[in-house]
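Undergrad: One predicted model, sequence on top.
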Amino acid sequence: PKQQQQQQPGTGTNNNGWDDDNYDYIIHPGELFYDGRYRIKERIGKGSFGQVVRADDLLENVEVAIKIIKSKKPFLMQAKTEIELLTHLTEIDTHDQHNVVRLLRHFMYRNHQCLVFEMLSLNLYELLKNTQFGGVSLNLIRKFAKQVLKALAFLARKDVDIIHCDLKPENILLRHPKKSGVKVIDFGSSCRSNKRMYSYIQSRFYRSPEVMLGLPYSVAIDMWSLGCILAEMHTGEPLFSGSDQFDQMQKIVKLLGMLPDEMIEQANEQHRMQFFERAMLSSTGRVGWTIKQINTTGATSRSGNTGGTQSQPSNTTAPKKPVIPSQDPISSLMEVIRAETNRKKKYPSSETGNSPQNYDLFVDLIHRMLAYDPRQRIKPQEALQHPFIMGSTSTTA
Ligand SMILES: CCC(=O)Nc1cccc(C(=O)c2sc(Nc3ccc(N4CCN(C)CC4)cc3)nc2N)c1
C-alpha cells in the first residue's frame, strides 16, 4: 500500500506546527509579535473567527487586545473586510467620540491576520452575570443606551453607512470595570448597507423580523437588537430567547402581536411558510395571517447564533394551545420589564431611577425600537432625543 504520509509536526496542514487543528494559533504567553513590539500575555476571548489575547505594547507601554484570526482563507477574507470597515470608522472618528472600538493597527504573523485594539474591559453579558442576572437600574441603562445610540447614529451617517449585524450584550464592552463608559466592538459580521452579502445574520435572540423573513435590511436591524438588549439589561434575561428560528418568531409575536400583512406578504414563500399560515381569525371573523400553531420544546442556549435546527410545525394534530388573547404590546412589555422576578426591590427609585414615570418612558422607547416596520422603527438620532434618554443623570462617561 502507498506509504502513508505521516503527519510529522511542522510539515502537515497545521501551519508548520504553530496551529492547533482548528487553525487557531497556539498561544505561548511571553511570545513576542510584530518585531518584538507586543508581548502576548493570555487568551481572553474566543470565537468562530479565532481568539483574542491580552498583550503589552512594549513601545507605547499600554495594554492592547489582539484579535488573532484563524489561518484559514474564509476567516482571513472576513478579517480583511473588518479591517477595511474599522479603518474607515477610525479615520472618520478622529476624536474617538462615537463609542466604537478603535483599531490601532493590523499585521500578519505566521499566517495569522492580527488586529490590535485598544484594551477594553468586560462585556455587558458578564456585567449581567455579575448581578446574578438580576439586571441593572434604569439610570445605568440610560447611560449605556445613550452611548450605544451615539455609535448607531454614527454608523447610520450617510458617509459611514455601516450595519453592525451582530449587536448583542457580548459586543458592548465597558471601557473600565468600575465605570459606565462603553464601546461597541466586533465588526467581524458587519457590512455596508448597500453591500449586503448575507441573509442569515444577527444572533438569534437579537435578530430582527425583516432578517428572519429574508427581506432587504438596513441599519434599522441594529436598532431592533438594541431594543432587545436594553430590556435584557434590566430584567437580566433575554427578551426573546427562542430555542430556534420558529420559536424566536413565536415569542416575538406573543409579546408584540402579529406582523403587518405587508411584511408577511413581501417575504418569499419559503421564508413565509416557516412561520405563518392563513386561517380564520377569531379577532376579525375573516381569513388572515396567523403564526403556525406548534408545540416547541427544548431549552434555549445563549449561543443563539446562526445555525441550529428549525423546529418544523408538526404534521400531527398537536393539541391546539388555547389562544390567550394577547393584551396590547405596551402593557405586555411593561409587564415583562417591571416583573420583579429575580430583582430585589433594594434601592430607592431616587437613586436607581426605577420610578413609575421612568418605566413608562423606558417601555415607550423600547416599544419604538421594536417597531416591526423598519421604516417606522425609531432612528438613533430620534432616540437620542427621547425623554427617557434626555432624563436626569444621563452623563456619559
Ligand atoms: C469574549 C468575547 C470578546 O471579547 N470578543 C472579542 C472579539 C473580538 C474583539 C474583541 C475586542 O475588541 C476586545 S476584547 C477586550 N477586552 C477584554 C477584556 C476582558 C475580557 N475578559 C474578562 C474576563 N472574562 C472572564 C473573560 C473576558 C475580554 C475582553 N478589548 C477589546 N477591544 C473582543
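TA: Received, thanks. Residues are numbered from 1 along each chain as shown.
Undergrad: By mean pLDDT, point me to the weakest helix or strand of the chain.
TA: One helix or strand of the chain scores below all others by mean pLDDT, DSSP states H and E: helix 349-352, with a mean of 82.
Undergrad: pLDDT of stretch 337-344, averaged?
TA: Averaged over stretch 337-344, pLDDT sits at 69.
Undergrad: What pLDDT does the model give Lys179?
TA: The predicted local confidence for Lys179 is 97.
Undergrad: on that earlier part again, which helices and strands does the least confident helix or strand of the chain pack with?
TA: helix 138-156 (3 or more C-beta pairs under 8 Å, 6 or more residues apart in numbering; DSSP states H and E). Where C-beta positions appear, they are placed from N, C-alpha and C, glycine not excepted.
Undergrad: ok so, going back, can you list the buried residues in the helix or strand just after the least confident helix or strand of the chain?
TA: Beyond helix 349-352 on the C-terminal side, the first helix or strand identified by DSSP states H and E is helix 356-369. Neighbour counts over helix 356-369 (16 or more other C-beta atoms under 10 Å) mark Asn358, Tyr359, Leu361, Phe362, Val363, Asp364, Leu365, Ile366, His367, Arg368, Met369 as buried.
Undergrad: Closest one to the ligand out of those residues, please.
TA: Of all the buried residues of helix 356-369, the one with the least separation from the ligand (C-beta to the nearest ligand atom) is Met369, at 23.9 Å.
Undergrad: Settle this for me: Val278 is touching Ile291, isn't it.
TA: Just to correct that, residue 278 is Arg rather than Val. No - using C-beta atoms under 8 Å, Arg278 makes no contact with Ile291, being 11.6 Å away.
Undergrad: interface residues of this protein facing the ligand?
TA: Counting by C-beta under 6 Å from any ligand atom, the positions of the chain adjacent to the ligand are 44-45, 47, 52, 65, 67, 101, 117-122, 126, 170, 173, 185-186.
Undergrad: Now do stretch 359-378: everything it contacts.
TA: Outside of stretch 359-378, the residues within contact range by C-beta atoms under 8 Å, 6 or more residues apart in numbering are 138, 141, 145, 208-210, 217-218, 220-221, 223-224, 226-228, 230-231, 234, 256, 259-260, 262-263, 329-330, 333-334, 337-338, 383, 386-389, 391.
Undergrad: what ranges do the strands span in the chain?
TA: Ranges of strands within the chain are 32-33, 38-47, 50-57, 62-69, 103-109, 112-118, 162-163, 172-174, 182-184, 191-192, 276-280, 287-291, based on DSSP state E.
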